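**Q** Just a sequence and a predicted model for now, questions to come.
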Amino acid sequence: MRTIFLLLAIVGAIVPMFYFVSWFNEFGWSLGAMVEAWNVNDATTGLVYDLTIAAVALTLFVIWETVRNRRWINLVAIPATFCIGVSCGLPLYFWLRSR
């Protein structure tokens, strides 16, 4: 399972970043424009809120588990979650936790 978690974290980093970079190259490097694109219709807005709530839940769990177990390296999953996405942060946390 450990190898699967690591592979999922890598794929979860590469795939979203490919699309983010492609979008930025096409529309310019503006976070405001990207946020506007996220809210272009109800479906995308729903996905944004879904992923935001999942990211916050994951962050709270990572903090709680890290403080409890004192495995500070697990906190790396938080910036991975918010800078790349839940698709990277969650499997990365599982990989770190399984050590």
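**A** Everything's here; your move. Not measured: the values here are computed from a predicted model. Numbers count the residues shown, from 1 in each chain.

**Q** okay, CA-based contacts and neighbour counts for the rest of this
**A** Noted.

**Q** surely residue 54 meets residue 86?
**A** Yes: counting by Cα atoms under 8 Å, residue 54 touches residue 86, with 7.3 Å between them.

**Q** quick one, which of the two is more surrounded?
**A** Counting neighbours by other Cα atoms under 10 Å for residue 54 and for residue 86 shows that residue 86 has the greater number, 25 against 15.

**Q** Tell me the first helix or strand C-terminal of the helix or strand of the chain with the lowest mean pLDDT.
**A** Between all helices and strands in the chain, the lowest mean by mean pLDDT, DSSP states H and E belongs to helix 31-38, at a mean of 88. Per DSSP states H and E, the first helix or strand lying C-terminal to helix 31-38 is helix 42-69.

**Q** Show me what that next one is packed up against.
**A** helix 31-38, helix 77-83, helix 86-97 (3 or more Cα pairs under 8 Å, 6 or more residues apart in numbering; DSSP states H and E).

**Q** The longest one vs helix 42-69, what angle?
**A** Regarding helix 86-97 and helix 42-69, their directions subtend 20 degrees when assessed with axes from the mean of the first three to the mean of the last three Cα atoms, to 10 degrees.

**Q** for the residue positioned nearest the centre of the chain, phi and psi?
**A** When Cα atoms, centre = their mean is applied to the chain, the residue found nearest the centroid is residue 85 (1.9 Å). Note on residue 85: its backbone torsions stand at phi 160, psi 170 [degrees, to the nearest 10].

**Q** Contacts only, for it.
**A** Residues counted as contacts of residue 85 (Cα atoms under 8 Å, 6 or more residues apart in numbering) are 12-13, 16, 55.

**Q** Could you measure from it over to residue 96?
**A** 16 Å (Cα to Cα, to the nearest Å).
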